[in-house]
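A.B. asks: make a model of this:
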Amino acid sequence: MSENFADAVISHAASWASTAGARELDFTYGVFYGTAKQSNKKDWHILRNLRDKVPHTPRGRVLLSPDNRWDCRCVIRGVRVNAAVRIGSDWWAHLGGPTCLVEVLSSLIRACVLPAAEARNRGAFVVGDLGQIVDMTVVSSDYNVSLLQRSQLSWLFLMACHFCDQLE
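C.D. replies: Numbering: from 1, shown residues only. Prediction:
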């Protein structure tokens, strides 16, 4: 897969830029959830393959290597290409701005989870750290409920844990 993306960018960058009347091209591969730390790095190999396959000619070269990074820059047939792999919250911020992820998660919760009385007895969880993830003691008692009701916050915490390495 990663090789196919790199090949497509190298093969089509010049025509994509020409069609758009541009001399610079941004390529972003987005991963809906997770973090760079959680990643198995398969997606990063798009950037490595791009670096390794860019023809080294006067009109083609690597400007910024993806080593220890999630982006790279190169010139392909005279077109400057900025390539990035954006994971989780980085992808959502790129897509819709800094509050996009919270807006999407809140909208999903508001659409799918009816406000209710806060659960007092949560019972036993099969997932070992789920109790810690949905723990409401971290939420101030004067929390403003205009966006999500207090009973919906544990769903926000549960969804948010897929976009960070640690909940604090």
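
A.B. asks: how about low-confidence regions in this protein?
C.D. replies: When residues are selected by pLDDT under 70, those of the chain lie in 117-145, 167-168.

A.B. asks: can you give me the strands for it?
C.D. replies: For the chain, applying DSSP state E gives strands covering 24-31, 61-64, 71-76, 79-87.

A.B. asks: so what does the third one touch, helix or strand wise?
C.D. replies: Secondary-structure packing of strand 71-76 (3 or more Cβ pairs under 8 Å, 6 or more residues apart in numbering; DSSP states H and E): helix 2-20, helix 44-53, strand 61-64, strand 79-87. In this view, the C-beta of every residue, glycine as well, is placed from N, C-alpha and C.

A.B. asks: how far off strand 79-87 does the longest one point, in degrees?
C.D. replies: An angle of 130 degrees separates the directions of helix 2-20 and strand 79-87 when computed by axes from the mean of the first three to the mean of the last three Cα atoms, to 10 degrees.

A.B. asks: packing partners of helix 2-20?
C.D. replies: Counting contacts by 3+ Cβ pairs under 8 Å, 6+ apart, the secondary-structure elements packed against helix 2-20 are strand 24-31, helix 44-53, strand 71-76, strand 79-87.

A.B. asks: please parse this protein into its domains.
C.D. replies: Structural domains of the chain, as assigned by automatic domain parsing, span the residue ranges 2-88, 99-163.

A.B. asks: picking up where we left off before, mind checking which of the helices and strands packed on helix 2-20 is nearest residue 97?
C.D. replies: When the helices and strands packed on helix 2-20 are compared for distance to residue 97 using Cβ to Cβ, the nearest one is strand 79-87, at 13.3 Å.
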